[in-house]
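> after the sequence you'll find the predicted model.
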Amino acid sequence: MRLGMTHFGRWMAWAAAVAWLMPISLFANVSGSDYPMRRIADIFAPLSRPAEMIHDVAMVVIWITIGIFVVVTSLLIFIVIRFRKKADDDGSEPAQIYGSTNIELAWTVIPILITVVLILVTSRTIGEIQNHKLPENALQVRLVGHQWWWEIHYPELGVVTANELHVPVSDRDPSRSRPTRIELQSADVIHSFWVPQLAGKTDLVPNRTNETWIDPYEQGVYFGNCAEYCGTQHANMLLRVIVHSPEEFEKWVAAQKAPVPAPVTAEETKGEQLFYSTSCISCHSVDGTVAQGVFGPDLTKLMTRQTIGAGVAPLDDKNLWAWVKDPQQIKVGCLMPDMQLLDPEVTAIVAYLKTLK
Ligand code: CUA
């Protein structure tokens with residue numbers, strides 16, 4: 001049989017290529033849920049300048065400590081073998097030596113020098129990251145930590161969202177980079193912003209504004225989390241950073257600012273009435289309505305998010321229903337109580353929430 005691609009094989013290859021490209025063209029969406037998911041928050045694969053600088057200094061520390069480990073372990077093994085009890089040991093004591101100025105100086109001075117080197121390289125990196133001057137075009141974001149979710153503001157764009165930080169892609173080349181400056185505040189206790197592939201940890205401290213910045217080199221969804229114990233659901237205070245191309249980012253901003261369509265069906269209208277007549281609105285906001293609560297996430301564009309409950313579950317009909325029915329079943333201890341709604345009420349409210357896009 002002749003080797004090479006048959007007509008059918010070639011057709012299959014084309015079909016596979018088209019199928020592979022389809023998600024990009026047909027299903028492109030502003031939530032970024034079709035982007036590559038960098039689920040493993042790999043500190044050894046930095047994709048943003050601050051993370052790269054921290055990675056470099058971490059490698060210096062790791063190699064120095066590996067060197068120390070090798071020297072100490074080799075000496076230990078050598079001594080254990082060299083001075084083990086011999087078969088002809090007569091049980092007498094070896095010569096006793098008390099003190100050696102040279103050896104004591106060596107094992108004091110060398111570790112001090114190593115420590116000073118580590119302090120210097122580390123503080124230089126900290127200084128470089130903190131004092132880095134960002135270009136004029138840097139995107140401005142304010143992140144407020146809550147038990148247990150992230151409030152996200154774009155003061156210059158007039159956009160408010162939660163738990164999913166959308167930013168434009170940046171570039172290694174400073175002339176083409178567009179970094180994001182992030183102001184960090186807390187509404188309650190100390191939290192810590194950490195997206196390992198993008199930047200080191202920075203705390204969100206009550207009554208204080210801290211700052212950090214990221215400049216992701218590649219599009220995708222980067223996973224981060226709160227890195228400071230802040231109560232029961234600390235582990236489920238998850239953060240996604242969705243890095244768009246500049247054009248897709250503008251589309252996302254436009255989608256966030258577009259007015260929310262009014263409810264259409266009877267079910268949606270019933271849900272709207274329920275939403276505004278129960279205590280939902282004392283904690284949640286929906287832009288352009290009387291719902292102006294600030295204790296829970298802004299729901300204006302709820303349906304453009306990938307997850308609910310700060311990343312605790314994917315945002316789909318089933319999870320949304322379960323969340324409205326009783327958030328405590330999904331995120332034990334979260335500050336949204338079981339509202340004791342009847343099942344038809346939950347269904348109506350979910351129908352209304354699904355119009356928020
Ligand atoms: Cu917020 Cu841990």
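Yes, it's here. Since the structure is predicted, the reported quantities are computational estimates derived from the model, not experimental observations.
> how about the strands in the chain?
Assigned by DSSP state E, the strands in the chain fall at 37-38, 139-146, 149-154, 159-162, 164-168, 180-186, 191-195, 199-204, 210-214, 220-226, 238-244, 307-308, 313-314.
> hey, which of those is tucked in deepest?
Of the strands of the chain, the one with the most neighbours on average (mean count of other Cβ atoms under 10 Å) is strand 191-195, at a mean of 25. In short, each C-beta sits where N, CA and C put it, glycine included.
> chain center to that strand, what's the gap?
Between the centre of strand 191-195 and the centre of its chain there are 7 Å (Cα atoms, centre = their mean, to the nearest Å).
> paired strands for that strand, with orientation please.
Partners of strand 191-195 in the sheet, by DSSP bridges, are strand 199-204 (antiparallel), strand 220-226 (antiparallel).
> what's the distance between Val294 and the ligand?
17 Å (Cβ to the nearest ligand atom, to the nearest Å).
> how about the contacts made by the residue of the stretch 251-357 of the chain found nearest the ligand?
Closest residue of the stretch 251-357 of the chain to the ligand, Cβ to the nearest ligand atom: Ala310 (9.2 Å). Going by Cβ atoms under 8 Å, 6 or more residues apart in numbering, Ala310 touches Trp148, Trp149, Trp150, Ala162, Asn163, Gln233, Asn236, Met237, Leu238, Leu239.
> over to Lys354?
Glu268, Met303, Asp317, Leu320.
> model confidence score at it, please.
Here, the pLDDT recorded for Lys354 equals 92.
> and for stretch 179-187, what are the contacting residues?
Residues beyond stretch 179-187 that count as contacts (Cβ under 8 Å, 6+ apart) turn out to be 49, 134-135, 138-146, 151, 167-168, 170, 193, 202-206, 208-215.
> please see if it touches the ligand.
No - using Cβ under 6 Å from any ligand atom, stretch 179-187 stays clear of the ligand, with a minimum separation of 8.4 Å.
> tell me the gap between that stretch and the middle of its chain.
13 Å.
> thinking again about what came up before, out of the strands paired with strand 191-195, flag the one nearest the ligand.
strand 220-226 (3.2 Å).
> what's the angle from that closest one to strand 238-244?
Interaxial angle of strand 220-226 relative to strand 238-244 (axes from the mean of the first three to the mean of the last three Cα atoms, to 10 degrees): 150 degrees.
> for stretch 327-341, which residues meet the burial criterion?
Buried residues in stretch 327-341, counting neighbours by 16 or more other Cβ atoms under 10 Å, are found at Pro327, Ile330, Lys331, Cys334, Leu335, Met336, Met339, Leu341.
> span of stretch 159-169 from start to end?
18 Å (Cα to Cα, to the nearest Å).
> same question, stretch 79-88
Stretch 79-88: ends 18 Å apart by Cα to Cα.
> cool, and stretch 144-161?
11 Å.
> ditto for stretch 305-319
13 Å.
> from the chain's centre, how far out is that stretch? Work that out for me.
16 Å.
> circling back to that earlier point, specify which member of the buried residues of stretch 327-341 is nearest to Ile81.
Closest approach between these and Ile81, by Cβ to Cβ: Lys331, at 56.2 Å.
> which ones are touching the closest one?
Counting by Cβ under 8 Å, 6+ apart, Lys331 has contacts Trp148, Gln233, Asn236, Gly309, Val312.
> now swap in Val60 and tell me
Val60 sits in contact with Leu118, Val121, where contact means Cβ under 8 Å, 6+ apart.
> what's the angle between the biggest helix by length in the chain and strand 191-195?
Secondary structure of the chain per DSSP state H: the longest helix is helix 49-82. Using the same axes, to 10 degrees, one finds that helix 49-82 and strand 191-195 are set 90 degrees apart in direction.
> for this structure, what lies in contact range of the ligand?
So far as Cβ under 6 Å from any ligand atom goes, the chain lies against the ligand at Gly145, Trp148, His191, Cys226, Glu228, Tyr229, Cys230, His234, Met237.
> burial of the fifth one, as a residue count?
Other residues within reach of Glu228, judged by other Cβ atoms under 10 Å, total 18.
> the second one too?
Residue crowding around Trp148 was assessed by other Cβ under 10 Å; the count is 26.
> contact partners of stretch 335-345?
147-148, 274, 278-280, 283, 295-296, 324-328, 349.
> quick one: buried ones out of those residues?
Burial of the contacts of stretch 335-345 was assessed by neighbour count (16+ other Cβ under 10 Å); the buried members are Gln147, Trp148, Leu274, Cys280, Cys283, Gly296, Val324, Lys325, Pro327, Ile349.
> sounds good, over and out.
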